[in-house]
Structure formats: structure tokens, C-alpha cells
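A.B. asks: for reference, the sequence and a predicted model appear below.
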Amino acid sequence: MVCLYYQEEMPLPSSNINFLTVDVEDWFHTTALEQYVGFNQWDHLESRVETNVHKMLEILRVKQTRATFFVLGWVAERFPALVKEISAHGHEVACHGYRHRLISDLSRPQFKEYLERSKKILEDLTGKSILGYRATSFSIVKDTLWALDFIKESGFVYDSSIFPIRHDIYGIRDFPRFPFVHANGLIEIPPPTFHILGRNLPIAGGGYFRLYPYWLTKIGIISMNRAGFPATIYLHPWELDPDCPKIRQADWRTRLRQYVNLGRTMTRLEKLLKDFSFAPIQEHLHSLPLIEAKLKVKNHHS
Ligand SMILES: [Zn+2]
């Protein structure tokens, strides 16, 4: 049920667990900056991922919250101690692919190679099975649903790559808003949306988390929890870094996506951690409320 009113002192559903997820990548890895920063430049740019992940680990330590970190294979190769540190703090390490390419830009063999390579790097570093995968920029869309079988065959248990919204880069707008199981057995855990006026509004992650007023995020999470489901929030380490290097020639849309309200993320994150309870996804996989999905895309495993 959609909750159409909001009060500051609105009682919070206390029993629901939500998922806080962090996509571990550097400021220059984003899809928004891809046209300005080539892969061959990555090794020559100022890396800030270590410092920013440390900021994230510290606030989570203070707030006694554990999260799921989807780590990019490229980052794990260069900062192996960072991956071990995330794991040692009790967080779940999951996989964000190897090179931060949209799935639509990869051939099937390339996708499989990057997927397996990044999973192996993370498993070697943590000594644990890596259960979860999140594609670059939620790039499992109608044309790339074939990726789900590769993900399942590579040994992942869940995916968190399908945004049930309409968007210019990603999203399958008529996909379920809540966790469900694909025909091949892979569990899907969608990012959070607020269903209002017949549309799904993205509410609690990345640029949306920074751009929208906090009350909208809060009411959206409450609404998901009241429906009986966790909300899966997503953030990036570079979003805690208002001083990260800026690409001056970027167009307005890129600048909006990449830079808006970076100085406010930390305060909002603190409010979020005060208002809601979070846990690593893997700890709730077997007790996760799942919906019977009525997928409107036919034969997506063929
Ligand atoms: Zn990413």
C-alpha cells in the first residue's frame, strides 16, 4: 500500500531488516564519466577509493551496522588489503564485475570472463564464497537478460542488477519491485522504489539518495517495510568525497549524476543508519520474503 502522507515522528516498522549496499569503485570508474575517462587512464588518475572506503567503514563501525560491499575486480587487484579489511569488519564482500563495463557493451564470452575473474579474485582474498553479483550501472536490461544464466552458472546465489524503473541507461520498468526467484533459481534483489501514481520512483541510492529530500527516502523505505520487504539501499565510496577530482568538461547531466550534493551524503547516511536497521544480504537469503513474480518479459532465459 502506498503511504501518501508523512510526519516527522511517523512510527518506524521496527522488525524489518534492510540492506545497505556499497558499490566499491573509484570516482573515475562510473558510467557517467566513461566518455571522458578512458580505461588506459585509470592507472594514472588519483585513486581515492581506499580513503573513501575507510570513511564508510568507520561510520558503519560507529553505528554498529554491517553491510554488503560489491567490489570491482579491478579495485580488488590494486587494493587487496582493502578487500580483506572490509571482510574482517564483518561485512559481506560481493562482486561488482571486473572492469565496470555495461553488459550491453560486452560479448557473452567477455562477460563470462570478467565475471569469473572478479569472483575468483574476491574469493582468493576473503577465503569465502562470493554469493552476490551487481552489474555495472544496473545494466541487466531486457536485451541482456542472458547474463542471468552466466551469473547462476558461475556459482552466484543472488543478483541485484535489475532496476524496476524507466531510465535512459538501465531498468526494466515492469519487473518486480521486491525480491523474487528467476526461472533458473537465481534470487533477484532489486534496488528500492516507491510506487506512486502508477509508476516506480527510484528513491534510495546513488544520485537519487543525494538529490531527493531525505523524507522521501525515508517514506519510501517505510512503505517497502510495511509491505513486508527489505529496501536495498546502494551507495558508492566516492559519494562521501565532496573533494574528489572533477571533470570540468562534463556535460550538465553527467555533472548532476556525479557531483550533486556530495557534501550531504554523510549526513544523510547518518540519518539513515539511525532510522533503520541493516544487515548483509547473505545473512537473510534463506529467510527473505519473496514474491511470486509475474515477469512481463517472455522467455528471458532462452
Ligand atoms: Zn558501479
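C.D. replies: The structure has been received and is ready for your questions. Numbers count the residues shown, from 1 in each chain.

A.B. asks: give the next helix or strand downstream of the helix ranked longest in the chain.
C.D. replies: Within the chain, and with DSSP state H defining each element, the longest helix by residue count is helix 108-126. Of the helices and strands lying after helix 108-126 in sequence (DSSP states H and E), the nearest is strand 132-133.

A.B. asks: contacts only, for G207.
C.D. replies: By C-beta atoms under 8 Å, 6 or more residues apart in numbering, the residues touching G207 are 256-257, 260. Where you see a C-beta, it was placed from the backbone N, CA and C, and this is true even at glycine.

A.B. asks: surely it forms part of a helix?
C.D. replies: Yes. Applying DSSP: H, G, I helix; E, B strand; the rest coil, one finds G207 inside a helix.

A.B. asks: picking that back up, what's the longest helix of the chain in contact with?
C.D. replies: The list of residues contacting helix 108-126 from outside it, by C-beta under 8 Å, 6+ apart, reads 71-73, 76-77, 80, 83-84, 87, 93-99, 101, 103, 106, 129-130, 133, 146-147, 150-151, 154-156.

A.B. asks: re the thing from before, among the contacts of G207, name the buried ones.
C.D. replies: R257 (16 or more other C-beta atoms under 10 Å).

A.B. asks: burial count for the spatially closest residue to G205 that is not a sequence neighbour?
C.D. replies: Of all residues not flanking G205 in the chain, Y234 sits nearest, at 3.8 Å (C-beta to C-beta, 6 or more residues apart in numbering). By other C-beta atoms under 10 Å, the residues close to Y234 number 23.

A.B. asks: show me the contacts for Y234.
C.D. replies: Neighbouring residues of Y234 by C-beta under 8 Å, 6+ apart: 21-23, 134, 191, 204-206.

A.B. asks: let's see that with 6 Å instead.
C.D. replies: For Y234, the contacting residues are 21, 191, 205, by C-beta atoms under 6 Å, 6 or more residues apart in numbering.

A.B. asks: restricted to helices, list the contacts of G207.
C.D. replies: Judged by DSSP H, helices contain the following of the contacts of G207: 256-257.

A.B. asks: in JSON lines: the contacts of G207, plus pLDDT and distance to C244.
C.D. replies: Output for these, formatted as JSON lines (pLDDT from 0 to 100; distance: C-beta to C-beta, whole Å):
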{"residue": "L256", "pLDDT": "70", "distance to C244": "15"}
{"residue": "R257", "pLDDT": "73", "distance to C244": "14"}
{"residue": "V260", "pLDDT": "71", "distance to C244": "13"}
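
A.B. asks: with distance to K119 added, can I get the contacts of G207 in TSV?
C.D. replies: Output for the contacts of G207, formatted as TSV (distance: C-beta to C-beta, whole Å):
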residue	distance to K119
L256	33
R257	28
V260	33
